[in-house]
Structures are given as structure tokens and as C-alpha cells.
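>>> need coordinates for the following:
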Amino acid sequence: MSLVRLNIKGISYSQTQNGAYALILNEVDGDRKLPIVIGAFEAQSIAIALEKEIRPPRPLTHDLFKNFADRFDIVVKQVIIHKLVDGVFYSSLICERDKIEEIIDARTSDAIALALRFQAPIFTYKNILDKAGIYLKVNPKKDDEEQDSILVDDLIVEEIEAASVEQEGYKNTSLEELNKLLDEAVNNEDYETAAKIRDEISKR
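Sure, this is the predicted structure:
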């Protein structure tokens, strides 16, 4: 499977979920966007890494990881978003120490926060982008900067609404199974799925 390189297009607050943000990744040699729902802490950490001039007074968790890795000569070479299961993205950190490579499993939000700090490239597989990537419609009446801002916001609304339609179907699932699915969704940081499961539990 061929790898596709991604850049970070932006982060925007989710309009349908409190405390959730949408991270938009952009295909480098194409027009598709890959939206990923992340938590508030991870969104803050990524935003700080993007804004080079912002320096927190004390190291954040991802800064601590970077400092620790630097001290022991560990380098994150690249991040690969390698799997998509039930709306949850799975990622790996490709690390190197003494010319020996290791692959470490990571949440996608953490992996991207670290990739920024190590200036490591971000990749995904073409089949994942084919499945989850979407195209944005450009409004020619707006200039480029306004387009980026507006498109990201519109994209989040459209993607969340689409996810609401696609991830229905918990009516035949038992309450015990729903609670397990809810725990898994929260642990995997899939807040959109968690919200839908929570709503179904509330209906019961």
C-alpha cells in the first residue's frame, strides 16, 4: 500500500460537541482533507506547537516527551496513520535510536503533537484517505485566507453531520454492550461515536 503525505491545515472547535475539536489534515499532492476529532488538551498542544512564538511556562506532556527523547538520543522519524476502524484512527510513531528503528503505537492526536515537535512528516495509507478523505468546495468570492478559515468550519459541520447518519444503528445493542462501546470510544478519543452511544443509553 502506498503512503500519502499529509500536512496540518487547521484546528477548529466542534460545533456539536463540548470540549471536542476537529483537526484537519491536508493531502500534500492532492485536494482531499482528512478530519480527525481530538480532545481539548491535544488540540491545545498541537496549536502551541504550530505557533512557534508561543512557549508555555512549564513543559506540556508532549514537550516532556520531546525533552526526554532528546536526552536519550531518540528521534521520531515519521508518523503513520495506519488504520481506521469504526471511525477511530490508529497511528504509529517510527522512532530511531543508535540506527535501530522501533514502531510505537500511539493515539493519532498524540502522534501528531509529537510529529510537530520532532518536525517529522505525517503519512497515511492511500486506502484510508480513499475511505475517509473528503473534498472541499471553494467559494470564489472569498480570498484565499478567508477560504481556508471558512472551509475548515464548514467541513467540520458537514463531517459531523455525515458521521451522525453513518454511525446510527445501536437500537439492537444491549445496554451492557453499549456501556462497553462507550468506554472504548472515550479511550480511543472517538468523541462523536461516544456522544451517539451516550444518547442511545439515555433513551433507554
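>>> contacts and neighbour counts: CA atoms only from here.
Fine.
>>> strands of this structure, start to end?
3-13, 20-27, 32-39, 75-85, 88-97, 100-107, 122-125, 134-135 (DSSP state E).
>>> direction included, what does the fifth one pair up with?
Strand partners for strand 88-97, identified by DSSP bridges, are recorded as strand 75-85 (antiparallel), strand 100-107 (antiparallel).
>>> give the buried residues for the longest one.
Put plainly, it is strand 75-85. 75-82 (16 or more other C-alpha atoms under 10 Å).
>>> repeat for the last one
Judged by neighbour count (16+ other C-alpha under 10 Å), strand 100-107 contains these buried residues: 106-107.
>>> how about that strand as PDB, C-alpha atoms only?
The C-alpha coordinates for strand 100-107 follow below in PDB (Å, rounded to 0.1, in the frame of the first residue of the first chain):
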ATOM      1  CA  ILE A 100      17.800   0.900  15.300                       C
ATOM      2  CA  GLU A 101      14.100   1.600  14.300                       C
ATOM      3  CA  GLU A 102      11.200   0.900  16.600                       C
ATOM      4  CA  ILE A 103       7.500   1.200  16.000                       C
ATOM      5  CA  ILE A 104       5.400   2.500  18.800                       C
ATOM      6  CA  ASP A 105       1.600   2.500  18.900                       C
ATOM      7  CA  ALA A 106       0.000   5.900  19.700                       C
ATOM      8  CA  ARG A 107      -3.200   7.800  19.600                       C
END
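>>> which residues sit in contact with the residue minimising distance to the centre of the chain?
The centroid of the chain falls nearest to residue 36 when counting by C-alpha atoms, centre = their mean (3.7 Å). Listed by C-alpha atoms under 8 Å, 6 or more residues apart in numbering, the contact set of residue 36 reads 22-25, 89.
>>> for residue 109, state which of those is nearest.
Closest approach to residue 109 among the contacts of residue 36 (C-alpha to C-alpha): residue 23, at 8.5 Å.
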